[in-house]
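Participant: Fold the following for me, if possible:
(2 chains)
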Amino acid sequence: MIGLIPADFAWRSGDTWTVVVGALAAAACALPGNFLVLRRLSLMGDAISHAVLPGLAAAFLISGSLGGVEMLIGAAVVGVLTAALTQWLHSVARVEESAALGVVFSVLFALGLVLIRQADSIDLDPDCVLYGQIETAVLRTTEIGGWQVPEAALTLMGVLMVNVLVIALLFKELRLAAFDPALAAALGFRPLLLHYALMTLVAMTTVAAFESVGSILVIAMLIVPAAAARLLTDRLLPMLLLSGLIAVIGAAGGHLLAIVAPGWFGYPGVSTSTAGMICVAVGLQFGLALLIAPRHGLIVRSLRRANLRARILREDILGVLYRVEESGREISAAVLRSLVRAAVGSGPLATRLALAGLKRRGMVRGAEGRIRLTEPGSVAARSVVRAHRLWEVYLSERLGLRPDHVHGTAERLEHLAAPGIREVLAGDVGEPARDPHGTEIPRGE
Amino acid sequence: MWSSLGSGRESARAAAKQREPAGALPHGSEHPPDCPLSIHDTTVAYHRKPVLWDVDYDAAAGKLTAIVGPNGAGKSTLLKAVLDLVPRASGRVTIFGEPYRRQRERVAYVPQRESVDWDFPVSALDVVTMGCYAKIGWLRPVTRAHRRTALEALERVGLAEYAGRQISQLSGGQQQRVFLARALAQHADLYLMDEPFASVDAATERAIVDVLRELRRNGRTVLVVHHDLQTVPEYFDNVLLLNMRVVAHGPVGEIFTPENLARTYGGRLTLLDAAAHALKRGDGA
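Facilitator: Model (predicted):
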């Protein structure tokens, strides 16, 4: 680890509070984000985080202060307005949904900019809006029970608790409305009302979070932890919990990275934007999930594909060997391999491995000199060849393809392994004795 | 206040009677008051383009009824209009004599399979449990008893062993049966099904037919949007022929005639019939 951690590394209580504020903000965003991801409304988080600007400005103009409750109310109103206007443009004016969203949020954002110009006393720094001021946010503290607690932590804690409470209470309703809005409406669960409730949560969370961590982090936290969690599980509740966990790990890891990472690139003693590094940390977790997820991960999926390719190649080898034995010839393993490679275009290594696999399974035996099917191998091979020739009959008789055009398609169809499909096929073409080329079709077992 | 769905039915019925004296509506007197489903003179339009005209129809209680008609005839829209999922331009729908919003628990709906995202992170049992939600009501949790009801419903469609599977890991036919089980878990009196037989395997088709017959034995009323004209006489008691308007309805033996079908499908029937025959032969069923 020498070199990874700089020599002057020290963890201060300010660092702990930075992580706490970052974790609260990230987790508060991640929870409602799950429903945005599942309902394919990812863009909605982006839109709302921009559209809340006029709500903030209006709240400031009315109340004269930039803080607390007024801002949350202003944000909630505009959040619902964004969702309602988008819905209206889509259903009444028949504008395409994502276009309607684009129109609404950019117009609201522009309106917010105009309002800010009107009241140039508003202290909204564009840099702060984008990247947040997590390091300085922890400095504004208030005393609770002898502890100096950052105000941002209290606000975010409140918002996180509201999110947890609403999602816990409405878990079944939100899940139903996200999965099957028509049934939700038919059963009286008001999917539109639930939609607006969710948008209110998103808007409030956005506003509470972006002052400390910035709108870029907010947008990332709404979507990325939920998307990563979706890769890791196929159930909604674990997905919600995992997204929260990913957000918290991202906050801790991100702050650590912000302190130590500049040193790796030759800038010792400097620390970079924590908010940015939290994004990076969560992004890294998403990347990891994409690779190693148990069912949807790239590694598992490529293994599954490789297994399928190997099975198909083994069946092809059995088919070739069966046809060779059918014609009464004897061949060596080397000749078999070259026959297979010529027939199905497989690579030399893959062919060798597949043949070894067949030997291991006891389907073929013999040395380099002469290779032959064993009893179980012969049964399996007959089944493949039979499927191939039945498919050829089907293609030429039922679909009217010319006999010289059916081999390639049958070559792929013969590997269909759904249970019973070969019996149904045989029943359908009526157990013919010969394929379109006049070759005998082996009987089923 | 959310959970009061379905209570106060009696007083509502009395109020409805007071509001609507006999003969106030053009067809009011023709509709029996306890009919499972009465559609009164209903017109439905999408963006001002009418899709259903003047539909006036009483469902036959305790019967299996097929809703048959060409594409774009408004079959799905009819079901959605009954469930208040699309607005009616005019007309009225009553379920056992009352508006749908008072009878939600008694009506089970099986939407088209393509209407939802089957990659959604829920198990088959989770989906079937949704059929109990009308009884559970807002904010209350799902209990073990509801899950047992759902599991029984899954058993009835032969999928008990798949209860824990995520729904994307089921075949199309199994997904359709999960939807059917969800409707069964509701223990409703009126079932509205939108093309449950669409592109399902033979095992699923048999399972659905068995369930339909069981529902009929228990005195339920079932309306099924159905595409396969060949199986209408075998599976259904009654038929509603629809092509934007009601062409005819009644027992299959009287109504399901070549003349009525020709009126429903216009000149396209012969072609359609031929295609249906070909498909039937081709899928080996």
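
Participant: ranges for the strands of chain B?
Facilitator: Under the criterion DSSP state E, chain B contains strands at B:38-46, B:49-58, B:64-68, B:90-94, B:107-110, B:190-194, B:221-225, B:238-243, B:245-251.

Participant: For chain B, what lies in contact range of chain A?
Facilitator: Counting by CB under 8 Å from any CB of the partner chain, chain B comes close to chain A at B:5, B:47, B:80, B:83-85, B:101, B:104, B:107, B:109, B:111, B:115-117, B:120-123, B:126-127, B:130, B:133-134, B:136, B:138-139, B:141-142, B:166, B:168, B:182, B:282, B:284. Yep, even glycine has a C-beta here, placed from its N, CA and C like the rest.

Participant: got the contact list for residue 77?
Facilitator: If you meant another chain, say so; for now it's chain A. A:G55 (CB atoms under 8 Å, 6 or more residues apart in numbering or on different chains).

Participant: that's the other chain; I wanted chain B
Facilitator: Taking CB under 8 Å, 6+ apart as the criterion, B:T77 is in contact with B:V44, B:Y46, B:V51, B:L52, B:V86.

Participant: One more: A:F9?
Facilitator: Applying CB under 8 Å, 6+ apart to A:F9 gives the contacts A:I259, A:V260.

Participant: Just the closest residue of chain B to chain A, please.
Facilitator: Taking CB to the nearest CB, chain A has its nearest neighbour within chain B at B:Q166, 3.9 Å off.

Participant: pretty sure that residue is touching A:T233, no?
Facilitator: No. Counting by CB atoms under 8 Å, B:Q166 stays clear of A:T233, with 9.3 Å between them.

Participant: hey, what's in contact with both of those two?
Facilitator: Where contact means CB under 8 Å, 6+ apart, the residues bridging B:Q166 and A:T233 through contact with each are B:P121.

Participant: mind checking the SS state of A:W17?
Facilitator: When classified by DSSP: H, G, I helix; E, B strand; the rest coil, A:W17 comes out as helix.

Participant: Could you tell me how many residues sit around B:V107?
Facilitator: Residue neighbour count, defined by other CB atoms under 10 Å in any protein chain shown, stands at 24 for B:V107.

Participant: which strand residues sit across from it in the sheet?
Facilitator: B:L190 (DSSP bridges).

Participant: Just the closest residue of the stretch 151-300 of chain A to chain B, please.
Facilitator: Here the residue of the stretch 151-300 of chain A nearest chain B is A:D234; by CB to the nearest CB that distance is 3.9 Å.

Participant: what does chain A have sitting close to chain B?
Facilitator: A:38, A:94, A:169-170, A:172-173, A:175-176, A:178-180, A:182-183, A:185-189, A:230, A:233-236, A:239, A:398, A:424, A:427-428.

Participant: Tabulate the strands of chain B (JSON lines), appending distance to A:T272 and mean pLDDT.
Facilitator: Putting these into JSON lines (distance: least, CB to CB, whole Å; pLDDT from 0 to 100) gives the following:
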{"stretch": "strand B:38-46", "distance to A:T272": "54", "mean pLDDT": "92"}
{"stretch": "strand B:49-58", "distance to A:T272": "58", "mean pLDDT": "92"}
{"stretch": "strand B:64-68", "distance to A:T272": "64", "mean pLDDT": "97"}
{"stretch": "strand B:90-94", "distance to A:T272": "63", "mean pLDDT": "93"}
{"stretch": "strand B:107-110", "distance to A:T272": "55", "mean pLDDT": "96"}
{"stretch": "strand B:190-194", "distance to A:T272": "56", "mean pLDDT": "97"}
{"stretch": "strand B:221-225", "distance to A:T272": "60", "mean pLDDT": "97"}
{"stretch": "strand B:238-243", "distance to A:T272": "66", "mean pLDDT": "95"}
{"stretch": "strand B:245-251", "distance to A:T272": "70", "mean pLDDT": "95"}
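
Participant: out of the ones you listed, which comes closest to A:A261?
Facilitator: Between A:A261 and the strands of chain B, the tightest spacing by CB to CB is seen for strand B:107-110, at 54.6 Å.

Participant: now could you export just the CA positions of the closest one as CSV?
Facilitator: The C-alpha atoms that make up strand B:107-110 are tabulated as CSV, following Å, rounded to 0.1, in the frame of the first residue of the first chain:
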residue,chain,number,x,y,z
VAL,B,107,-64.1,-7.3,-11.3
ALA,B,108,-60.8,-9.0,-12.3
TYR,B,109,-58.9,-7.8,-15.3
VAL,B,110,-56.4,-9.7,-17.4
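
Participant: circling back: can you tell me the SS state at the residue of the stretch 151-300 of chain A closest to chain B?
Facilitator: When the structure is split into helix, strand and coil by three-state DSSP, A:D234 lands in coil.

Participant: Appreciated, that's everything.
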